[in-house]
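Student: the following block contains a protein sequence and its predicted model.
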Amino acid sequence: MRCVIARYPFDLTKGGVLDSMKGVTPEPVTGESVTIGRRRYPVKQVGEVITRQDRRDFSGGEVTRAMARLGFTCHPAPGAEPAPAAPAPTPVETASALLGGTTVPQDH
């Protein structure tokens, strides 16, 4: 598969990525990561190994897109999942707040 990382074209294959990462010890995951084989690597580490470029030259998103297109499982940064949203106020609670009243939680 042809992809562009840091403005340079690369022909990547799933087997080629597996071979490149064979024997590479994963660094601690603090941001986006990708599972290659049975190990989970930071995307910047994978990008550096497969492109032989400095990590500052490409974004994690470029590597994540390429790895996902090759069929690897990509993971968001820890804590990047949005927190569950608070329940929406009822129309009565909204009207009361707009009129300067206090809202009293009711059992629904």
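Tutor: Received the coordinates, thanks.
Student: any idea how far apart the tips of stretch 31-39 sit?
Tutor: One end of stretch 31-39 to the other measures 15 Å (CA to CA, to the nearest Å).
Student: hang on, I meant stretch 15-33
Tutor: Using CA to CA, the two ends of stretch 15-33 sit 19 Å apart.
Student: how about the strands in the chain?
Tutor: For the chain, applying DSSP state E gives strands covering 2-5, 8-11, 33-36, 39-42, 73-75.
Student: distance from the chain centre to the first one, please.
Tutor: Centre-to-centre, strand 2-5 and its host chain are 18 Å apart (CA atoms, centre = their mean, to the nearest Å).
Student: give the rounded mean pLDDT of it.
Tutor: The pLDDT scores in strand 2-5 average 88.
Student: and the contacts of it?
Tutor: 9-12, 47, 51, 53, 58, 62-63, 65-66, 69 (CB atoms under 8 Å, 6 or more residues apart in numbering). Using the backbone N, CA and C atoms, a C-beta is placed for each residue, glycine as well.
Student: filter the residues you listed to the buried ones?
Tutor: Of the members of these, the ones counted as buried by neighbours, 16 or more other CB atoms under 10 Å, are Leu12, Gly47, Thr51, Phe58, Glu62, Val63, Arg65, Ala66.
Student: in this structure the fifth one contacts Phe10, no?
Tutor: Spelled out, that is Glu62. No: Glu62 is not in contact with Phe10 according to CB atoms under 8 Å; the separation is 10.2 Å.
Student: by mean pLDDT, which helix or strand of the chain comes out lowest?
Tutor: Lowest by mean pLDDT, DSSP states H and E among the helices and strands of the chain is helix 91-98, with a mean of 82.
Student: tell me the buried residues in that one?
Tutor: Glu93.
Student: sorry, back to before: what about the buried ones among the contacts of strand 2-5, which are in helices?
Tutor: Of the buried ones among the contacts of strand 2-5, the ones assigned to helices by DSSP state H are Gly47, Thr51, Glu62, Val63, Arg65, Ala66.
Student: which of the residues you listed lies closest to Val24?
Tutor: Gly47 (12.3 Å; CB to CB).
Student: could you check how far that closest one is from Gly100?
Tutor: 55 Å (CB to CB, to the nearest Å).
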